[in-house]
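Participant: coordinates only, sequence not included:
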């Protein structure tokens, strides 16, 4: 049994509490990760879950009959030759009274699909309510078993950084190092997959936050941004260090120290009850005081779980307090176009009293090779 | 220069012909692959292209300044600290007359984003038009240079099947074989990435069209479905064979022969001017005549290019005639739940007179090991 199958009844119950609070008569869940989370159905298959106050339906096509056998308790799959959405319309029509409030995932449902949904449900004259947060905020707080998987997914990363520093980096292309890193994680650590294309960015490439590993050889005395993550049992990890390939110049050392201080300032604030925005501002304030406020080109961090980026987001405007059981990356950076970039990223679980670091490895500037 | 950068002026001109035919004053392109195709901007970054009859704009955030330097001729990037969509609204407001017809990608734009778009453009009182097909049909017909990349992405696959048959398959887990296949493609063929998670499905797993490679060891005398594809310079490939690990039983042999005959029937119809539906029906008819009509659980094939699945689609209802320069997978299958599955998939370019096979390798049942 997968974790999603085991925990689905509990997740369904928690979702229903939220639906009640939002006065929703039903919620249509159609994003594949949300469907997987609630039902155990594989996220690379296609099915739609519809959750009411005292019933739950699951509709898919016959081609996914095998996948539907593993559905969690509480869902009886309907297998159709085609016309999944037509069936969603008819079952809601049969279940709900006229004028019912029906939630849907407005950040996932496309405009085209919404048109079909609204048309198909028109006999019901429903109030269609964008209800993205009900599921996103549920998923943001992880169960004990989910936290175990997040720890497992993060565990290889510090070891990979130690291994990386033992490799002959200078002269190797970024692309080749990215591949060796992936191979190490697959073969030595047995991870299922990479969470994203590994970022290996040397020298001026480091100034590009999402640089694609290129055929450029890594030079001596450069900063090297390495951003890597993997997947274990569906759960993602994400960690960045900026290494040096020999003694870097004073600017590089100074900026690395500034980013490190920014990360520490963020960690000093990281605790339940603090807003995700306040954590972002703690880091951003240090970078601004150091004179690089406009060179911190992104927000501080993101939740992580079944998706690489999910709630909560640590960014301006994120006023909601952080809660124990949420997981957050803390990744300040400074980027000087044409020169260099520095990012330091760790993952942490918010605990009852503070946080638990999932990626313990030196945040000082490590000179490799 | 990337291919997208080189060909963007030509693509932009072709798109404008379509916009004129659809009487659109502008098209908002926001799906990352479409943006990349039209502008050369990397698909893993975020920016929005807006194309008018005699102007084109590109809006992104400062964090993607380096990526925006490589934009194709004809686009002057606007780099904003934030508020990309707000700027899209204001530039359309400045460019267009009241009541203008503005196309958008309704199969990409979410309901939530559409709401912001409609709200932001409301002073313009535009007619918002779902214009997905204008770009999709343009992308469906490949240039000579795109066809070269598609050939390059497909070229390693037949060789990988020959290599696979030389491996000691029996006793190895599906997962391990998937990893060895990927490693072979990366290290021996130098591909950039896998196009999708390699499907390795032995025995009854073969009945699941999108089976995820498991920890199940491959047995002797089984059918083994292998569906694999890779990426070169952004272009995808996709090929399936059903191998046998020792002499399979009569049912397996018979079904394999049926699927092979279905594929041949499809290839006999494959030519410009024929509808994609007719090609699907040619294969479906053979499978139905063989008594397994309800066990062909998907449609015959899909276009392939910068995305694994793109226009054209060979399925019921696809009445448009195929055109030279389009690329199509031809992948009939028969799936017997709990028993076995057979799928044979090749990729072909539609040529002026017929088709060019990109994945030449025996479609007979090959007994390996």
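Facilitator: Sure, I can see it. Note that the structure is a prediction, hence the values are computed from the model and not measured.
Participant: tell me the residues of the stretch 151-300 of chain A that contact chain B?
Facilitator: Listed as neighbours of chain B in the stretch 151-300 of chain A under the rule C-beta under 8 Å from any C-beta of the partner chain: A:179, A:183, A:186-187, A:193, A:197, A:207-212, A:297-298. For glycine as for every other residue, the C-beta is placed from the backbone atoms N, C-alpha and C.
Participant: narrow these to those in strands?
Facilitator: Using DSSP state E, residue A:193 are the members of those that sit in strands.
Participant: among the residues of the stretch 151-300 of chain A next to chain B, which pair sits farthest apart?
Facilitator: A:187 and A:297 (34.4 Å; C-beta to C-beta).
Participant: just checking, residue A:195 touches residue A:237?
Facilitator: Yes: using C-beta atoms under 8 Å, residue A:195 is in contact with residue A:237, at 6.2 Å.
Participant: without its sequence neighbours, what residue ends up closest to the residue in the stretch 251-369 of chain A positioned nearest to chain B?
Facilitator: As assessed by C-beta to the nearest C-beta, chain B sits closest to residue A:297 within the stretch 251-369 of chain A, at 3.7 Å. Spatial nearest neighbour of residue A:297, excluding adjacent residues (C-beta to C-beta, 6 or more residues apart in numbering or on different chains): residue B:63 at 3.7 Å.
Participant: tell me which strands the host helix or strand of residue A:224 pairs with, and in which orientation.
Facilitator: Assigned by DSSP states H and E, residue A:224 belongs to strand A:223-228. Here strand A:223-228 has these sheet partners by DSSP bridges: strand A:199-202 (antiparallel), strand A:239-244 (antiparallel).
Participant: and it, how far from the chain's centre?
Facilitator: The chain centre lies 19 Å from the centre of strand A:223-228; the measure is C-alpha atoms, centre = their mean, to the nearest Å.
Participant: quick one: name whatever helix or strand follows that strand.
Facilitator: strand A:230-232.
Participant: right, is the host helix or strand of residue A:139 up against chain B?
Facilitator: Assigned by DSSP H and E, residue A:139 belongs to helix A:132-140. Yes: if you take C-beta under 8 Å from any C-beta as the test, helix A:132-140 does meet chain B, through residue A:132.
Participant: what's that helix packed up against?
Facilitator: helix A:3-21, strand A:26-29, helix A:32-39, strand A:310-314 (3 or more C-beta pairs under 8 Å, 6 or more residues apart in numbering or on different chains; DSSP states H and E).
Participant: picking that back up, residues touching the residue nearest to residue A:297, list them.
Facilitator: For residue B:63, the contacting residues are A:209, A:297-298, A:335, by C-beta atoms under 8 Å, 6 or more residues apart in numbering or on different chains.
Participant: quick check: it is in a helix.
Facilitator: Yes: if the criterion is DSSP: H, G, I helix; E, B strand; the rest coil, then residue B:63 is within a helix.
Participant: picking that back up, got a list of what the residue of the stretch 251-369 of chain A closest to chain B touches?
Facilitator: A:209, A:333, A:335, B:61-63.
Participant: now, among those, which is nearest to residue A:40?
Facilitator: Among the contacts of residue A:297, residue A:209 lies closest to residue A:40 (C-beta to C-beta), at 35.0 Å.
Participant: if I pick the closest one, what's in contact with it?
Facilitator: Applying C-beta under 8 Å, 6+ apart, we find residue A:209 in contact with A:297-298, A:333, A:335, A:341, A:343, B:63.
Participant: do residue A:280 as well
Facilitator: Taking C-beta under 8 Å, 6+ apart as the criterion, residue A:280 is in contact with A:266, A:299-301, A:314-316, A:318.
Participant: ok, and the closest non-adjacent residue to it?
Facilitator: Spatial nearest neighbour of residue A:280, chain neighbours left out: residue A:300 (4.0 Å); criterion: C-beta to C-beta, 6+ apart.
Participant: tell me the bridge partners for the closest residue to residue A:259 other than its chain neighbours.
Facilitator: Counting by C-beta to C-beta, 6+ apart, residue A:259 lies nearest to residue A:342, which is 4.7 Å off, once chain neighbours are set aside. Beta-bridge pairing of residue A:342, defined through DSSP bridges, involves residue A:334.
Participant: does residue A:342 touch residue A:225 like I think?
Facilitator: Yes: with contact defined as C-beta under 8 Å, residue A:342 counts as touching residue A:225 (7.2 Å).
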